[in-house]
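>>> all I have is the shape, not the residue letters:
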DNA sequence: CATGAATGAGGTTTCATTCAT
DNA sequence: TATGAATGAAACCTCATTCAT
């Protein structure tokens, strides 16, 4: 009588996403997660060190998976690659709206309290995006020896914020994900181009 | 024997912003707010119905002020007007980093639980931005009778998300606000243009 | 623009009876009493030492008045006198149902915490009843030198309990006070007779 | 490793009776109950929904037990049966003076706030007494087709009030319970007879 | 490994009382 | 006298975490 897939830890993570999405992290009760996961309350602590740890692992796994998939995107054109990366990020969250909800409301906790180890996948994903960005900037470069790193990081952040809002929009409306996705990417691409365009002479 | 500046309610709101920024809404203690405000714990309840109400009023006042200032922006070119609006939004939050922090982490609670009355300023600000957006879309229009409203709302959301991330970036770095602001606006403008551009023939 | 009758203290006492009847002593708020009395909250403390003191004075005045009226009952037959006394007690509370409610629920606090001074009227009323009782017992006596004082006190208490329940009954029904009163007195008289009857030979 | 006697819920109820008797319901602290019961404060809420619920269950159990025992009283003479019922009521409370104290001061809360379910035993006890009363009234009847129901209810209430006062008397004196009991029943019987006696021709 | 009964620290809110005006 | 804004102590209840079984 095995559960659909994966071990008990995954069951718990999955249940936690539902509960965090419904109640928010602070109001969420560990016992509720256990109930949804179909395990005893105490069993949670066999797999996780506590409620916060569950949240960390949720995002840790999310970013691990995402960064791995991002690494497989091989489009030669860095602009399209970045486009694909953002699309992938959007798709992963659009596919699990509860997870998206948790991302929107609780991801800051992950960044604030997770260990470097737990943030590894996140850092990797960020770096992958950064690489594409750099390639765009230098590729268009006509010799510019020092692309503005700060500006690039900010641009990258800006795009993430845009995708974030697109997800928020998706959750609060009945618009098909595909339409939101394409609109969102249109703006993102334009933003990238603007950000990497060299200041007028 | 008046208080330093403003009434006691404002003192409490101000203190709450500091505490919410430091501890987050859920962990924030009313007694800590009272201590920072220099009033007795019970006095909080003379001015507010509870902790949640304080949060609502913080954002309610913020949006009321902002929407009023946004209404004064009179640039004839809607694109520049929108640019000014986003800048204004950014400036208000960049000027009070604790408030920005609270905005980033707790604004969703405001949208989820505040009354329509409390959300009035927010709605007004949104509408002001929407109007500029519509003007851009139709102004550029060559007869297009029905600008895509959903697309416009999404674009607006996208921009807010971008500004949001710019603020997040600002808080986590030592970059001067001015630099973040200009970079952010560059991307925003490019996004707007892309969003309102008619699909290629 | 004087109030109907009496001074501010009486207004407060009257208001307190309404509030105590409605909310119970513990839940009753001093500010609510002040509001009903039409005075400022702080003014309460010009006339009374606190909430408990108000309760004490309510009952103190009640018993003072009652004991004085009881002293005027001059029926020569002690049985009828006792009957009149119980009737008087009933009438006073039946005439002010809020006061009756307060009596039913809070009188024990008066006995437990009031000073001897405050309980003076109560003691006097009790003594008046006791005297009638004793007269009945000895009057019927055929030489019994020592009427059973304990038994008499208990009998008196029993009667008070009966009247108490009659009042409770009155408050929870629509029966006319007069009917309740007469039924109640019928039982009381029978009880008295039984209590003072000498054990069968 | 079982607890001394009974389950933890009973321990808590027992402790609550002591604390309610000592401090009154409103002043009683849940933590004090827990301490006396020898459990953690939080454990209270595993067995009861709150402080009020504890009070309800105390009286609910009391009346359940009492009504069951009352049902076993089989004296053919309804007068003696009623006598036994009152005696039983007295005995149960005289046997636990703290419970008696709680009854005297807090029973009205039970009647005012308990659910019909919780009041079931109370209603049953009342009905048992009513039945005996009716039997007395009709048994003595010489054809009276409609005994005065209101008068009977009032008489029953009167008796309960008398027993109530007897208990109050018992608590405030050193008189042996047995003496209080017999005196009390003497008066009660006389009252019943008077109440059920047909008005003189 | 698994459980869930038990714990107790901790926080929001109420309200009797005070006192500056 | 009269006021009512201000106070702050106090208490119910929740829930993350533990541990005996």
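Received the coordinates, thanks. Note that this is a predicted model, so its numbers are computed, not measured.

>>> I'd say residue A:90 and residue A:165 touch.
No - when contacts are counted by CB atoms under 8 Å, residue A:90 is not listed as touching residue A:165 (11.1 Å). For every residue, glycine as well, the C-beta is placed using N, CA and C.

>>> near DNA strand F, which residues of chain A are found?
Within chain A, the positions near DNA strand F by CB under 7 Å from any atom of the strand are A:27, A:28, A:29, A:30, A:31, A:41, A:42, A:44, A:45, A:50, A:51, A:52.

>>> count of neighbours near the third one?
What it means is residue A:29. Other residues near residue A:29 come to 12 when the count uses other CB atoms under 10 Å in any protein chain shown.

>>> would you enumerate the residues in contact with it?
The contact partners of residue A:29, by CB atoms under 8 Å, 6 or more residues apart in numbering or on different chains, come to A:19, A:23.

>>> gap between whichever residue of chain A sits closest to DNA strand E and residue A:32?
Nearest to DNA strand E, among the residues of chain A, is residue A:42, at 1.6 Å (CB to the nearest atom of the strand). Separation of residue A:42 from residue A:32 (CB to CB, to the nearest Å): 14 Å.

>>> count the neighbours of the spatially closest residue to residue A:160 that is not a sequence neighbour for me.
The shortest distance from residue A:160 to any non-neighbouring residue, by CB to CB, 6 or more residues apart in numbering or on different chains, is to residue B:165 (5.7 Å). Counted with other CB under 10 Å, residues neighbouring residue B:165 total 25.

>>> and the pLDDT at residue B:165?
pLDDT recorded at residue B:165 is 94.

>>> go on, residue A:173?
At residue A:173, the predicted lDDT confidence score is 89.

>>> and it, what helix or strand is that in?
Counting by DSSP states H and E, no helix or strand carries residue A:173.

>>> from residue A:180, how far out is it?
Using CB to CB, one gets 8 Å for the distance from residue A:173 to residue A:180.

>>> who has more neighbours out of residue A:42 and residue A:32?
Using other CB under 10 Å as the criterion, residue A:42 and residue A:32 rank with residue A:32 on top: 17 against 10.

>>> residue A:173 and residue A:180: who's more crowded?
Taking other CB under 10 Å, residue A:173 and residue A:180 do not tie; residue A:180 has more neighbours (23 against 14).

>>> and residue A:113, how close does it get to chain C?
Distance of residue A:113 to chain C, computed by CB to the nearest CB, to the nearest Å: 43 Å.

>>> could you do residue A:186 as well?
In terms of CB to the nearest CB, residue A:186 sits 61 Å off from chain C.

>>> give me the pLDDT for that residue.
pLDDT, residue A:186: 86.

>>> for chain A, give me the ranges with low pLDDT.
Applying pLDDT under 70 to chain A flags residues A:1-6, A:140-147, A:197-201.

>>> centroid residue for it?
Residue closest to the average C-alpha location in chain A (CA atoms, centre = their mean): residue A:89, at 5.6 Å.

>>> number of nearby residues for residue A:33?
26.

>>> who's in contact with it?
A:12, A:15, A:16, A:19, A:44, A:54.

>>> could you do residue A:124 as well?
A:63, A:67, A:71.

>>> domain ranges for chain A?
Following the assignment in automatic domain parsing, chain A carries domains at A:1-48, A:59-196.

>>> buried deepest among the ones you listed, which one?
Most buried of the domains of chain A by mean neighbour count (mean count of other CB atoms under 10 Å in any protein chain shown) is domain A:59-196; its value is a mean of 18.

>>> centre of the chain to the helix or strand harbouring residue A:132, how far?
Using DSSP H and E, residue A:132 maps to helix A:120-139. Distance of helix A:120-139 from its chain centroid, counting by CA atoms, centre = their mean, to the nearest Å, is 14 Å.

>>> could the domains of chain A be laid out in JSON lines, adding distance to residue B:189?
Below are the domains of chain A laid out as JSON lines (distance: least, CB to CB, whole Å):
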{"stretch": "domain A:1-48", "distance to residue B:189": "35"}
{"stretch": "domain A:59-196", "distance to residue B:189": "7"}
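
>>> what's the closest of these to residue C:128?
domain A:1-48 (63.4 Å; CB to CB).

>>> what distance separates the closest one from the centre of its chain?
Worked out by CA atoms, centre = their mean, domain A:1-48 lies 21 Å from the chain centre.

>>> make TSV out of the residues of chain A next to DNA strand F and add secondary structure and distance to residue C:121.
Formatted as TSV, these follow (DSSP: H, G, I helix; E, B strand; the rest coil; distance: CB to CB, whole Å):
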residue	secondary structure	distance to residue C:121
A:27	coil	56
A:28	coil	61
A:29	coil	57
A:30	helix	61
A:31	helix	58
A:41	helix	61
A:42	helix	64
A:44	helix	66
A:45	helix	66
A:50	coil	64
A:51	helix	63
A:52	helix	65
